[in-house]
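Asks: I would like the atomic coordinates for the input below:
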Amino acid sequence: MSEVIEMIMILIIVTLCFLMIPFNLQPNTVIEARKKFDTFIRLYGKPYRYNVREYEHRFQIFRSSLNKIATLNAHRAENDTAIYGITQYADLTDQEFLQLKLADLKQSQTLDKFIIESKSSEMKDDIIFSRAKRAALKIPENLPKVVDWREKGVVAPVKSQGACGACWAFSVVDTIASITAIKRQQNVTDLCVEQVINCAGNDNFGCDGGDTCRLLEWLRSNNHKLTTQKECRTVLSLENGTTCLFGKALKGEFMTVEKYTCASLVDREDLMLRYLANHGPIVAAVNAISWQYYLGGVIQYHCDGSFEELNHAVEIIGYNLESNIPYYLVKNSWGPRFGDHGFIKIQIGKNLCGIANRVSIIDLI
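Replies: Numbering: from 1, shown residues only. I've put the predicted structure just below:
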């Protein structure tokens, strides 16, 4: 009898062991997350690797980021749809990311009314200041299906604004550089963005934030000429302080603003396409809060388009109407390691990320 009981006990133990195997084979999510976090720290050279308290704090934020990334990717409908993953910002809370990368666009109450400061006859006829019910996008006839101004050699390299809150300056200066190259029919020459960051007035505050429209107003009203990056000297030291080295534009130079728009093109994204095709890159204010984990592909979701959420400024350098998901090609200022080598693709026609809320088209003389 004891042998039977012993045999039964052995069978029970063996059965329990087999039942437990699947659980033992399951990966430990915390261990996997920590492996990813350690790789992340090394890849991006994070400074808290040996600070136990900060390491653990950032690890918990990183784990939360992994959950957010999984949620973002759960809505992918096509292979071309945006994909999200671990970026250099995966150890930041939403608020920290907002403060670090998106707190630099200070909007003017006056200019937020979408007043065109200076408009050509074509702009007078075409631009409608309206936030009416969303209409279907009407593509203008004879418009190129694909426009990428990089192919013409007129787009400056992607830059990194780092911890300096100056997206307002980078987007405008790089767009002026592009328009200059187009008008001169030559390759782009990098312009001195530091000159604008250090010197621009009209309620612009350097690395503490500024406004694209107020910058354009200041450049035009003062007839300021941007110097090249090669010749970049921003201030001159004097006994009583410093003075900014902005030259006055001479006749025939293309580096000074003649006219510009600060307009809402919601429901008129066809105009954005037309200007991108026929004029060159343009400036747009956007809501970039969801870009924290962006790796590539076309953004279709998770990007609020309301005017109140605008927090960043970018240069739009082209579009693609032949793609399965038609998109704008957007140049950012977070360095070439961000997104698709520094670029973002945003679906056309839905005012995603608020891309049509506040658009500036620049003309130079």
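Asks: so Asn310 sits against Gly354, correct?
Replies: Just so we're on the same page, residue 310 is Leu rather than Asn. Yes - the criterion here is C-beta atoms under 8 Å, and Leu310 meets it with Gly354 at 5.3 Å. Where C-beta positions appear, they are placed from N, C-alpha and C, glycine not excepted.
Asks: show me where the stretch 201-350 of the chain has its helices.
Replies: Per DSSP state H, counting those that start in this stretch, the stretch 201-350 of the chain has helices spanning 212-221, 269-278. These are given in chain order.
Asks: can you say which of these is packed in most?
Replies: helix 212-221 (a mean of 23; mean count of other C-beta atoms under 10 Å).
Asks: could you dump it to PDB, C-alpha only?
Replies: Output in PDB follows, covering the C-alpha atoms of helix 212-221 (Å, rounded to 0.1, in the frame of the first residue of the first chain):
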ATOM      1  CA  THR A 212       8.400  82.400 -35.800                       C
ATOM      2  CA  CYS A 213       6.000  85.100 -36.900                       C
ATOM      3  CA  ARG A 214       7.500  87.700 -34.600                       C
ATOM      4  CA  LEU A 215      11.000  86.800 -35.800                       C
ATOM      5  CA  LEU A 216       9.900  87.300 -39.400                       C
ATOM      6  CA  GLU A 217       8.300  90.600 -38.500                       C
ATOM      7  CA  TRP A 218      11.600  91.700 -36.800                       C
ATOM      8  CA  LEU A 219      13.800  90.600 -39.700                       C
ATOM      9  CA  ARG A 220      11.700  92.400 -42.300                       C
ATOM     10  CA  SER A 221      11.000  95.600 -40.400                       C
END
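Asks: which elements pack onto it?
Replies: If contacts are counted by 3 or more C-beta pairs under 8 Å, 6 or more residues apart in numbering; DSSP states H and E, helix 212-221 sits against helix 167-184, strand 257-260, strand 359-360.
Asks: so for the longest one, what gets flagged as buried?
Replies: Which is helix 167-184. For helix 167-184, a neighbour-count test (16 or more other C-beta atoms under 10 Å) marks 167-182 as buried.
Asks: from the chain's centroid, how far away is it?
Replies: Relative to the chain's own centre, helix 167-184 is displaced by 16 Å; criterion: C-alpha atoms, centre = their mean, to the nearest Å.
Asks: could you number the chain from 39 rather than 1 from now on?
Replies: With 39 as the first residue, the last one maps to helix 205-222.
Asks: only alpha carbons, please: show that helix as CSV.
Replies: Taking C-alpha atoms only, helix 205-222 is exported to CSV below (Å, rounded to 0.1, in the frame of the first residue of the first chain):
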residue,chain,number,x,y,z
CYS,A,205,13.0,75.8,-32.7
TRP,A,206,11.5,79.2,-33.7
ALA,A,207,15.0,80.3,-34.9
PHE,A,208,16.2,77.0,-36.5
SER,A,209,13.0,76.6,-38.6
VAL,A,210,13.0,80.2,-40.0
VAL,A,211,16.8,80.5,-40.6
ASP,A,212,17.0,77.1,-42.4
THR,A,213,13.9,78.0,-44.5
ILE,A,214,15.5,81.4,-45.4
ALA,A,215,18.7,79.5,-46.4
SER,A,216,16.6,77.2,-48.7
ILE,A,217,14.7,80.1,-50.4
THR,A,218,18.0,81.9,-50.9
ALA,A,219,19.5,78.9,-52.6
ILE,A,220,16.4,78.5,-54.8
LYS,A,221,16.5,82.2,-55.9
ARG,A,222,20.2,82.1,-56.5
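Asks: before I go, just wanted to say thanks for your time.
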